[in-house]
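Asker: Predicted model, plus sequence, below.
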Amino acid sequence: VIQMSAAAANVLGLDDNAVDAAKISKTLALDNDNVTLETTVEATHERALEQAFDLIIVNLNLRSEDALRLCSQLRSMDQTRQIPILLVVEEDQVDRLAKGFDLGVNDYLVKPIDQNELLARARTQIRRWRYHVRLRKTYERSIEMALTDSLTGLYNRRYLTAHLDGQIGRVERGGKSLSLIMFDIDFFKHVNDTHGHAVGDAVLQELAHRVSSNLRSFDTVARMGGEEFVIVMPD
């Protein structure tokens with residue numbers, strides 16, 4: 001079981017009530033959270049796109065703006081779609097709270113704000129978010145490892161095969177041109193036998209760097225295996 005820490009989180013708050021905002025900030029400081037407070041929907045939305053946050057706390061009862069508009073904006077953007085949102089509501093705002101859940105809000109807190117309840121709910125959402133981020137990074141890393149060569153960082157034979165299938169299909173459909181360069185390193189076994197495999201690895205890494213640095217952005221270079229390489233050049 002992985003126990004994710006909820007401490008030292010980056011929290012963004014939208015609240016135009018100075019007293020409530022100060023209480024939220026003071027409470028979350030007990031967990032060493034870094035709290036950024038904004039007073040308008042526009043400023044909060046901009047801040048959410050500029051920085052990485054573990055939790056967003058929104059006061060539903062703003063004086064002159066609709067806080068649910070922010071929730072809708074956050075859920076419509078890829079960058080903020082999954083970040084947990086905690087609504088702070090009044091007891092008589094059941095209908096608006098329900099609409100908030102429809103928009104993707106994760107949890108809520110009823111005023112007057114209880115310090116212990118705020119800490120508990122914030123910690124729960126922060127832990128879930130951090131676990132989600134960890135899972136996503138693990139998944140992305142596993143995909144990367146499956147498609148790239150661990151020594152050189154180039155694409156591997158598996159990726160090259162799939163990429164070539166797509167490029168050849170593109171040529172057949174649109175009559176586009178496609179060029180390939182296939183090459184290897186002469187006498188590479190002699191390098192390994194004379195200087196050792198560590199030097200051989202360094203040679204492969206340097207070659208990969210030089211080739212990658214001299215291609216167009218849409219060209220692809222892959223290591224087929226050993227000292228054999230392929231470059232795919234559309235158009």
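Answerer: Cool, got the structure. Numbering: from 1, shown residues only.

Asker: Quick check: I56 is in a strand.
Answerer: Yes - using DSSP: H, G, I helix; E, B strand; the rest coil, the secondary structure at I56 is a strand.

Asker: Can you give me the neighbour number for it?
Answerer: Number of residues near I56 (other CB atoms under 10 Å) recorded here: 26. Bear in mind the C-beta positions are built from the backbone N, C-alpha and C, glycine included.

Asker: correct me, but it touches Q82?
Answerer: No - taking contacts as CB atoms under 8 Å, I56 lies outside contact range of Q82: 11.2 Å.

Asker: Now for those two: what residues contact both?
Answerer: Both I56 and Q82 lack any common contact, where contact means CB atoms under 8 Å, 6 or more residues apart in numbering.

Asker: Just confirm T36 is within a helix.
Answerer: No - counting by three-state DSSP, T36 is not found in a helix; it is strand.

Asker: does it really touch A9, like I thought?
Answerer: No - counting by CB under 8 Å, T36 stays clear of A9, with 11.3 Å between them.

Asker: Those two: which has the busier surroundings?
Answerer: A9 (22 against 16).

Asker: nearest spatial neighbour of the more buried one, skipping sequence neighbours?
Answerer: D54 (4.0 Å; CB to CB, 6 or more residues apart in numbering).

Asker: So what's the residue count around that neighbour?
Answerer: For D54, the tally of surrounding residues (other CB under 10 Å) stands at 22.

Asker: Does it touch L12 like I think?
Answerer: No - applying CB under 8 Å, one finds D54 not in contact with L12, separated by 9.0 Å.

Asker: list the residues that contact both of these two?
Answerer: Contact criterion CB under 8 Å, 6+ apart; residues shared by D54 and L12: none found.

Asker: hang on, the earlier thing: for the residue nearest to A9, give its distance to I126.
Answerer: According to CB to CB, to the nearest Å, D54 and I126 sit 5 Å apart.
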